[in-house]
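Student: could you work out the structure for the sequence below:
(one chain, ligands or ions: 1)
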Amino acid sequence: MPYKAPVSDYAFLLKHVIGFDKVAATDRFTEATDDVVSAILTEAGKLCEEVMVPVQRAGDLHPAALENGVVCTSPGYKEAWAAIAEGGWTGISGDPEYGGMGLPMTVTTAVNEMMSAACLSLQLALLMTQGHIKVLEHHASDEIKELYLPKLMAGVWTGTMNLTEPQAGSDVGALTSRAEPNDDGSYAISGQKIYISWGDHDIADNICHLVLARMPGGMPGTKGISLFLVPKYLPDANGNPGVANTLKIVSLEHKMGLHGSPTCVMQYDGANGWLVGPAHGGMAAMFTMMNNARLGVGGQGIGVAEGAFQHAMAYALERKQGRSIHGNSIAAHADVRRMLMEMKAEIFAARCIALTNAVAVDMQTATEDKDWAARAAFLTPITKAFGTDVGINVANTGIQVHGGMGFVEEAGAAQYARDVRVTAIYEGTNGIQAMDLVARKMMDGGDAAAQLLDEIGAQAEQARGTHPELAEAVWQSSETLRETTEWMISQGDMDNRFAGAVPYLRAFARVLGAHFHLMAAVAEPGGPRETLARFYISRLLPEHTGLVQQAQSGADGLYAMSLDDLVSWWTARPRGCAISLAGPAGTRNHNLDGRPGGRVAVVDAPTAWTMWMSMGWMMGWRVDNRWYRLWLEQD
Ligand SMILES: Cc1cc2nc3c(=O)[nH]c(=O)nc-3n(C[C@H](O)[C@H](O)[C@H](O)COP(=O)(O)OP(=O)(O)OC[C@H]3O[C@@H](n4cnc5c(N)ncnc54)[C@H](O)[C@@H]3O)c2cc1C
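Tutor: Predicted structure coming up:
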């Protein structure tokens, strides 16, 4: 079963579950009518199925390669990118003034998810470029916008984000790249950046790097960082790629997956760059891209999960092993059915969370209402971490469904698992997302969380009439989560919050997932979505009770064991050993030479082990007509 874009599922969710009608009713997005959205999703689905899926495997088998200082991409990528560019997909949510389609983020999220399922490596180039566009729209000067945005929107140039340095990963504030002012108002950027996705390639004419660096006078830490636009080729007087900038690709990373995406180590040697946003305000500007990208990376996880599910489903329908009254393929067996149901139910939950997040982003854009902004901000780490966890878990389960063939590369199930693994790491690791949720996103005293929980509770109350058992379970779970949220907020010691951050985020996602499943059940009584909701609420939602317990267990238990014990406790060997001999019980201990005293020799550890292994089992032996026992003592 080749990948089929889940266009009809989106249509259902937009209409019945995630409240897209609110977005379409705003002045900002009047053009996002049902017909337009449906046509866009159908077109994107076609591109995924016909153009991107065929190059997915080629990217895995023939990774991007660095040849003579230039990156050559995988076979078919150039042509596939040309089709993406021609469709205007990089500018899908971009400002129409610069050539974008101006569509809501909700539509972009759906499109990006499908493209991630079709070919994650190539989709990453798209996601980076879309984020780049958002940063320039919000923070660049008019001159930069006019020069760069039309090219980026048309996909003839692509964008990257350059934060990471060897000593500055999660701790971006530790970066040391420098920006020295030039006489003409530009800056000379110097430093090394690592792990830069699509840092170089041959699929477009120019590459625009957004680089974080410190200007003279920039304070240490994140507050002293500025953001610069550094193109690979400096635009000439006509805005076309001109002379090469002074930056180079040092090497490409050899990765466990995502082979089609070139991950570059980059060296900037006084490269020409232009300030984007205020001096020393680079982190805030970059956050525009990062928030966009976090929502997108959550979507990457969900997309890969969908691809892996469809792949596993096709195999399960074909493969025959054993007998069952339910059918003659492995899909008939209860445990395989459990795996397939879990995969489907998890994808549904994560997809609804991501789309609801995108609706909040759109409502924030359209209304500038602070409550929508708070909701978008609160949901972003959940979308990112839960969406990518679902991607990893579902891809892993997909391997299990395949049995031995899952472990064999030709079957294709393994690629999903290898490719998606990084999504929990980049764009802020999932652990750091969870910390963000319980710290920064709760600086409002828990208002954003409480509003969501109120809505979940109210919707469950409404559903009691038609689905009393499901509604009760969802209502109860929202109350449990409310208590946990209050516990989190009451913790002045941030270590207690951080220790429970990941289980708290997962519990929140579980409950949100149940809420959306319940909405689908109400909208489609008696249909397969109701059946899936019953499965999720009865089998997966109960996990939240264990998760909230973990969330509230505090930090003491994590720090109770010393690092020394963690490292060495059961792997430690005796550093030196005494071989002690003693006479039979009740007699005086003797040394080997017959003198009383017991301890006869101190030997080094290897000798002691050798003696123990060769004779310890004997428990004793005879010397001078006496029996002696042997044991080891730690020195
Ligand atoms: C394939 C790939 C593509 C990438 N693309 C880009 C890109 O395009 N641009 C870019 O700038 N970067 C990119 N990155 C870098 C990526 O964003 C970083 O790898 C990521 O931010 C983590 O940084 P690190 O690898 O240094 O890990 P570390 O920061 O060393 O983290 C190691 C572990 O410690 C944890 N940790 C660290 N600090 C804390 C803390 N304060 N509290 C709790 N836990 C903590 C982390 O969660 C993680 O589990 C990419 C990475 C990869 C692998």
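Student: touching the ligand at all, the longest strand belonging to the chain?
Tutor: Among the elements of the chain assigned as strand by DSSP state E, the one spanning the most residues is strand 263-276. Yes: Strand 263-276 comes into contact with the ligand when judged by CB under 6 Å from any ligand atom, the residues involved being residue 263. Heads up, the C-betas are built off the backbone N, CA and C, glycines and all.
Student: run me through the strand neighbours of that strand, direction for each.
Tutor: Based on DSSP bridges, the pairing partners of strand 263-276 within the sheet are strand 187-197 (antiparallel), strand 226-231 (antiparallel), strand 247-252 (antiparallel).
Student: wait, does the longest one make contact with the ligand?
Tutor: Yes: with CB under 6 Å from any ligand atom as the threshold, strand 187-197 lies in contact with the ligand, specifically through 195-197.
Student: what about the longest strand of the chain, distance to the chain center?
Tutor: Per CA atoms, centre = their mean, to the nearest Å, the displacement of strand 263-276 from the mean C-alpha position of its chain is 26 Å.
Student: ok so, going back, highest neighbour count among the residues of strand 187-197 next to the ligand?
Tutor: For the residues of strand 187-197 next to the ligand, the largest neighbour count, defined by other CB atoms under 10 Å, is 23 neighbours, found at residue 196.
Student: so for the closest residue to it other than its chain neighbours, what's the pLDDT?
Tutor: Leaving out its chain neighbours, the residue that sits closest to residue 196 by CB to CB, 6 or more residues apart in numbering is residue 264, at 4.6 Å. As predicted, residue 264 sits at a pLDDT of 98.
Student: any idea what residue 264 is bridged to?
Tutor: When bridges are assigned using DSSP bridges, the partners listed for residue 264 are residue 196, residue 252.
Student: wait, what's in contact with the closest residue to the ligand within the stretch 1-150 of the chain?
Tutor: Of all residues in the stretch 1-150 of the chain, residue 128 sits closest to the ligand, at 6.5 Å by CB to the nearest ligand atom. Contacts for residue 128 were tallied using CB atoms under 8 Å, 6 or more residues apart in numbering; they are 158-161, 197-198, 293.
Student: now do residue 223
Tutor: The neighbours of residue 223, taking CB under 8 Å, 6+ apart as the test, are 173, 280, 283.
Student: now, of those residues, which are buried?
Tutor: When neighbours are counted using 16 or more other CB atoms under 10 Å, the contacts of residue 223 contain these buried positions: 173, 280, 283.
Student: if we can go back for a sec, and the residue of the stretch 1-150 of the chain closest to the ligand, what helix or strand is that in?
Tutor: Taking DSSP states H and E as the criterion, residue 128 maps to helix 120-139.
Student: state the next helix or strand along the chain beyond that helix.
Tutor: Remark: after helix 120-139, the chain's next helix or strand is helix 142-153, criterion DSSP H and E.
Student: next, the buried residues of that next one.
Tutor: Along helix 142-153, these residues count as buried under the neighbour rule (16+ other CB under 10 Å): 144-145, 147-153.
Student: with stretch 365-382 instead?
Tutor: The neighbour-count criterion (16+ other CB under 10 Å) identifies 365-366, 372-382 as the buried residues of stretch 365-382.
Student: in TSV: those residues, plus pLDDT.
Tutor: TSV is the format used below for the buried residues of stretch 365-382 (pLDDT from 0 to 100):
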residue	pLDDT
365	95
366	97
372	97
373	95
374	96
375	97
376	96
377	96
378	97
379	98
380	97
381	98
382	98
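Student: got those residues as JSON lines, with distance to the ligand and secondary structure columns?
Tutor: Putting the buried residues of stretch 365-382 into JSON lines (distance: CB to the nearest ligand atom, whole Å; DSSP: H, G, I helix; E, B strand; the rest coil) gives the following:
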{"residue": "365", "distance to the ligand": "25", "secondary structure": "helix"}
{"residue": "366", "distance to the ligand": "30", "secondary structure": "helix"}
{"residue": "372", "distance to the ligand": "28", "secondary structure": "helix"}
{"residue": "373", "distance to the ligand": "25", "secondary structure": "helix"}
{"residue": "374", "distance to the ligand": "24", "secondary structure": "helix"}
{"residue": "375", "distance to the ligand": "25", "secondary structure": "helix"}
{"residue": "376", "distance to the ligand": "21", "secondary structure": "helix"}
{"residue": "377", "distance to the ligand": "19", "secondary structure": "helix"}
{"residue": "378", "distance to the ligand": "20", "secondary structure": "helix"}
{"residue": "379", "distance to the ligand": "20", "secondary structure": "helix"}
{"residue": "380", "distance to the ligand": "16", "secondary structure": "helix"}
{"residue": "381", "distance to the ligand": "13", "secondary structure": "helix"}
{"residue": "382", "distance to the ligand": "17", "secondary structure": "helix"}
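Student: if anything else comes up later, I'll come back, but that's it for now.
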